[in-house]
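A.B. asks: 3D model of this:
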Amino acid sequence: MSTTQSERLRGLLEPLVAARQLDLEEIDVSRAGRRRVLRVIVDSDDGVELDACAELSRALSERLDETDAMGEGEYVLEVSSPGADRPLTEHRHYVRATGRLVRLRLHEGAELVARVLGVDDEGLDLEVPGVKGRKPTARRVEFPEIAKARVEIEFNRKDKKEEEEA
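C.D. replies: Numbering: from 1, shown residues only. Sure thing, here's the model as predicted:
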């Protein structure tokens, strides 16, 4: 997708997304046979419900049909939230990951798996799990140190209510 088309689509669709208290994370246009596929990825601090994606999809479709932003050819519109293991690239992504386990690859080459305890403008406060029965340790990582970051999926983690009851 050309930068011009991307910017035009973002300018057209972002107000509709923002009006629903959602963040427009990504817009991507690709080919699938003869059709084009417009993928719109949205998120919010509280996640995105399926009904919200469906309602937004209808609104975006109406707006796109009113304009020539996608041209004359057929296209498929897909509206979804990012996957659970998507890369953390924006400050707000780290804020949303507070309390979650993340895998960080640092520019120095080290890899670190830790729980996000807090986020500020400069970086992250982390809890690194202890090894072989040792207690967890606190660690601070500044944003410029981070090369890549992703949330680690936890299947057996107790939720906050279960932890409070224990």
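A.B. asks: List the contacts of residue 12.
C.D. replies: 63-64, 67, 69 (Cβ atoms under 8 Å, 6 or more residues apart in numbering). Every C-beta, even on glycine, is put in place using the N, C-alpha and C of the backbone.
A.B. asks: how near is it to residue 101?
C.D. replies: 37 Å (Cβ to Cβ, to the nearest Å).
A.B. asks: returning to that earlier point: a markdown table for the contacts of residue 12, including pLDDT?
C.D. replies: Below are these laid out as a markdown table (pLDDT from 0 to 100):
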| residue | pLDDT |
| --- | --- |
| 63 | 94 |
| 64 | 92 |
| 67 | 89 |
| 69 | 84 |
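A.B. asks: which ones among those are found in helices?
C.D. replies: Taking DSSP state H, the ones among those that sit in helices are 63-64.
A.B. asks: Please check the contacts of residue 12 and keep the buried ones.
C.D. replies: Buried subset of the contacts of residue 12 (neighbour count, 16 or more other Cβ atoms under 10 Å): 64, 69.
A.B. asks: Now the host helix or strand of residue 117: buried residues?
C.D. replies: Element membership for residue 117, per DSSP states H and E: strand 111-119. For strand 111-119, a neighbour-count test (16+ other Cβ under 10 Å) marks 112, 114-116, 119 as buried.
A.B. asks: For the nearest residue to residue 117 once chain neighbours are set aside, grab phi and psi.
C.D. replies: Leaving aside its sequence neighbours, residue 117 sits nearest to residue 125 (Cβ to Cβ, 6 or more residues apart in numbering; 4.6 Å). Main-chain dihedrals, residue 125, degrees, to the nearest 10: phi -100, psi 120.
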